[in-house]
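In: A predicted structure for the sequence below; I have some questions about it.
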Amino acid sequence: MSRRPRASGYFRTSYSQDLKLVETRTERWSLTILLIALLAFPFLASPFQLDLANQVFLACIGAIALMLLTGYAGQISLGHAGLLAAGAFTAGILSKEMNAPFWVTLPAATIVGALLGVVFGLPSLRLRGLYLAVSTLALHFLVVYLGGEYETKRGFSTGILIDPPKLGGWTVSGGRIWYFILGLFAAATLLLCLNLLRSGTGRAWAAIRANETVAEALGIGVSAHKLLAFVISSAVTALAGALFAHYRGFVSVEAFSLFLTIQYVAMIIVGGMGSLLGAILGAVFVTLFPYGIEAALGALPGAQRHAGLLFAVNYAAFGVVMILFLVLEPLGLVGIWKRVQTYFLLWPFKHRPMAGSRR
Amino acid sequence: MLASIYALIACGYVLVYRVSRVLNLAHGELMMLGAYMLMLTATQFSGYWPVAIAAAAGLSLLTGVLVYLFLMRKMTGEMVLAAVLTTVALGILLRGVMVLVWSAQQQYPAQALHVTNSSIVLPGGARISFFSMLLVLTTALIYGALLAFLRFGRWGIRMRAAGQSPLLAAQRGINLHAVYALAWGLSTLTGALAGILIALDSGLDQTMATIGLKAFPAALVGGLDSLAGALVGSLVVAAAEVLLIHYVDPLLSEVVPFLVLIAMLVVRPWGLFGTREELDRV
């Protein structure tokens, strides 16, 4: 996190001020309003909207994890769906075979994710860039294959059904309760990553991303930190996968295709590389996108006729949007947001004063 | 047979990667597009199947060039990852469009062309279908032509030069954009030929893109910038796949190429015949 002094003349004068996450009064107010809106949402929304919000939360967790790995540590991974699948299957198998409760399956999935993170991360010690992406892609196919193998061998050829989780004597079901649980997990992930990125680890990742050789010369353990990035990211991703399994109550390999990976990668690209805000914006955008298309198609005349084509239209439109972002706006939604911000900050001027002219 | 499929597809990956250092993950979709092009031309020239195939191949060549001109040209000089993701996005787009235009049902261009896929008995008693035979022959032909082209052809030499050092090549007056466009066109052409022949042999549906993706390990095992490597890599991957399916588990078919890929990446990431300094260029 680069935390520069603000243009408004708010300067930090002590270390405790430097550590604060929420600094100014405006920030405090807007955060409070956001929180109230988030808390009030489930009581106003329809079940369908609640389901959408829950999906967004799940996507947020996954996207933040991927952003940590790709956006900050600079390690490309195309195995994200494989990790989600690993988490989901761990949760599914544990609760199916051993009747393990909610609070066992989630940590178990996280641990499995962390272990897989080591496996996924090992190639990163030797490979860089494209080759790394390819090796994670290969691992994705491996994990999904193992999941499919389990399904067929155990006779759950269509997928594993999971009973709704119980906490004590109380069953967790219904969109509203899940909204709070998933929201809590998403917020926790966000806080964890925010703080992680400000710590020595986060700085080490940034250094590795900028230049590995220089980072090593500065005394940063490059291999250890790369592995750590993979482990943390994978653990969080697997947790998201397990949450997904419990939320849906159903696990099947079909849900974890290569397309899911691409969707997550699209989230961090559409959102904007190297920004947690970007991960969240991207998650919201990509999750809601197909529903937006559906609504748009429904509004067209002859909606019934198009219903069968919906899937294909989604694919095509998704591809177009991704290409547009890659070609026209590589900084993503965050880039647009920043530009709007600067526009209003500098108004009525168009450009920043040149360096040095302020004196 | 499987090896020649992989080899024919893999040379498309190699061509684009060698010349422009971009990994084209939309290759499977481009290949499928070629096969659907055949459906299009089949209705025009039903009866003369060689004409239909040639027309479809020509259209694919054009598609490849257009893809470069309108999309990938904008990505030259960008991050490698961004370029690769653009191809991924292109793949998704193509897949969606293809379903929209031609629907997701399985189709048999061979019937539309009124050709029968008779089986031929080879000396030794092995049976092989006509189009499989054609596929093997095409692969041999394409590889021979490409190798000769890259070695002796004027444009082939330019392509190699552009692959080795774009800057120097440009300074010697080589039109980089034309070279890149040509590489994309040729790559799409070979991919489309593979797609067409597979479609003629065993029908055409959405799973074809998966074959394209499975051929990618073959290219990497051989070394991403070596044509001869792609040939050897395809043999290795196909042999491993057939043997493992036969002796271990038929479900493995989807993963075997990737298992070979992982093994290769661990031992010799730059491939059997690739050049080593590749790795740090990304």
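Out: Thanks, I have it. Numbers count the residues shown, from 1 in each chain, chains lettered A, B, ... in the order given.
In: so which elements touch whichever strand or helix holds residue B:83?
Out: In this structure, residue B:83 sits in helix B:80-102 according to DSSP states H and E. Other helices and strands packing on helix B:80-102, by 3 or more C-beta pairs under 8 Å, 6 or more residues apart in numbering or on different chains; DSSP states H and E, are helix A:129-154, helix A:258-271, helix A:310-328, helix B:27-44, helix B:73-75. Bear in mind the C-beta positions are built from the backbone N, C-alpha and C, glycine included.
In: which residue ranges form the strands in the chain?
Out: Went with chain A since none was named. A:160-161, A:166-167, A:170-171, A:250-251 (DSSP state E).
In: switch to chain B, that's the one I care about
Out: B:119-121, B:127-129.
In: check these for me: which has the lowest mean pLDDT.
Out: Looking at those, the lowest mean pLDDT belongs to strand B:119-121 (a mean of 60).
In: thought residue A:272 was touching residue A:339?
Out: No. Applying C-beta atoms under 8 Å, one finds residue A:272 not in contact with residue A:339, separated by 11.4 Å.
In: for the most centrally placed residue in chain A, what are its contacts?
Out: Central residue of chain A (C-alpha atoms, centre = their mean): residue A:63, 1.2 Å from the mean position. Contacts for residue A:63 (C-beta atoms under 8 Å, 6 or more residues apart in numbering or on different chains) come out as A:264, A:267-268, A:271, A:279-280, A:282-283.
In: for chain B, see how far away it is.
Out: Between residue A:63 and chain B the distance, using C-beta to the nearest C-beta, to the nearest Å, works out to 15 Å.
In: any idea of the pLDDT on residue B:249?
Out: 69.
In: ok, how many other residues are close to residue A:248?
Out: By other C-beta atoms under 10 Å in any protein chain shown, 17 other residues sit near residue A:248.
In: equivalent analysis for residue A:217, please.
Out: By other C-beta under 10 Å, neighbour count at residue A:217 equals 10.
In: in the stretch 151-300 of chain A, what residue comes closest to chain B?
Out: residue A:262 (5.8 Å; C-beta to the nearest C-beta).
In: err, the stretch 101-250 of chain A, not the other one
Out: Taking C-beta to the nearest C-beta, the stretch 101-250 of chain A has residue A:129 as its residue nearest chain B, at 2.7 Å.
In: and residue B:99, what does it touch?
Out: By C-beta under 8 Å, 6+ apart, the neighbours of residue B:99 are A:309, A:311-312, A:315, B:206.
In: what's the answer for residue B:90, then?
Out: A:319, A:323, B:26, B:29, B:67, B:71.
In: pLDDT weak spots in chain A?
Out: A:1-11, A:156-159, A:165-172, A:301-308, A:353-359 (pLDDT under 70).
In: ok, 50 please
Out: Applying pLDDT under 50 to chain A flags the ranges A:1-2, A:359.
In: so how far is residue B:226 from the residue of the stretch 101-250 of chain B found nearest chain A?
Out: As assessed by C-beta to the nearest C-beta, chain A sits closest to residue B:220 within the stretch 101-250 of chain B, at 6.5 Å. Residue B:220 sits 11 Å away from residue B:226, going by C-beta to C-beta, to the nearest Å.
In: identify the contacts common to these two.
Out: In contact with both residue B:220 and residue B:226: residue B:271, using C-beta under 8 Å, 6+ apart.
In: higher neighbour count, those two?
Out: residue B:220 (32 against 21).
In: separation between the more buried one and residue A:119?
Out: Distance from residue B:220 to residue A:119, by C-beta to C-beta: 19 Å.
In: the helix holding residue B:83 to helix A:258-271, inter-axis angle?
Out: Here the directions of helix B:80-102 and helix A:258-271 differ by 120 degrees (axes from the mean of the first three to the mean of the last three C-alpha atoms, to 10 degrees).
In: and the stretch 151-300 of chain A, which residues reach chain B?
Out: By C-beta under 8 Å from any C-beta of the partner chain, the residues of the stretch 151-300 of chain A that approach chain B are A:152, A:258-259, A:262, A:265-266, A:269.
In: of the residues you listed, just the buried ones, PyMOL syntax please.
Out: Those of these that count as buried under 16 or more other C-beta atoms under 10 Å in any protein chain shown are selected in PyMOL with:
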select buried, chain A and resi 258+262+265+266+269
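In: tabulate the residues of the stretch 151-300 of chain A next to chain B in TSV, adding columns for distance to residue A:209.
Out: Below are those laid out as TSV (distance: C-beta to C-beta, whole Å):
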residue	distance to residue A:209
A:152	41
A:258	25
A:259	27
A:262	22
A:265	17
A:266	20
A:269	16
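In: closest one to residue B:177 out of the residues of the stretch 151-300 of chain A next to chain B, please.
Out: residue A:269 (25.4 Å; C-beta to C-beta).
In: against residue A:79, how distant is that closest one?
Out: The value you get for residue A:269 to residue A:79, if C-beta to C-beta is used, is 17 Å.
In: excluding residues flanking it in the chain, which one is nearest residue 38?
Out: No chain was given, so I picked chain A. Nearest residue to residue A:38, sequence neighbours excluded (C-beta to C-beta, 6 or more residues apart in numbering or on different chains): residue A:183, at 6.6 Å.
In: hmm, no, I was thinking of chain B.
Out: Going by C-beta to C-beta, 6+ apart, residue B:38 has residue B:56 as its nearest residue, at 4.1 Å.
In: wait, isn't that neighbour in contact with residue B:40?
Out: Yes. Taking C-beta under 8 Å as the definition, residue B:56 is a contact partner of residue B:40 at 7.3 Å.
In: who has more neighbours out of these two?
Out: Per other C-beta under 10 Å, whichever of residue B:56 and residue B:40 has more neighbours is residue B:56, with 29 against 16.
In: tell me how many other residues crowd residue A:141.
Out: Neighbours of residue A:141 (other C-beta under 10 Å): 24.
In: before we move on, back to that, turn the contacts of residue B:90 into CSV, columns for neighbour count.
Out: Formatted as CSV, the contacts of residue B:90 follow (neighbours: other C-beta atoms under 10 Å in any protein chain shown):
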residue, neighbour count
A:319, 25
A:323, 21
B:26, 29
B:29, 29
B:67, 23
B:71, 20
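In: just curious, which of the residues you listed is nearest to residue B:181?
Out: residue B:67 (9.0 Å).
In: near chain B, which residues of the stretch 1-150 of chain A are found?
Out: Checking the stretch 1-150 of chain A against chain B by C-beta under 8 Å from any C-beta, the hits are A:76, A:123, A:126-131, A:133-135, A:137-139, A:141-142, A:145, A:148-149.
In: at 7 Å what do you get?
Out: Within the stretch 1-150 of chain A, the residues that sit near chain B (C-beta under 7 Å from any C-beta of the partner chain) are A:76, A:123, A:126-131, A:134-135, A:138-139, A:141-142, A:145, A:149.
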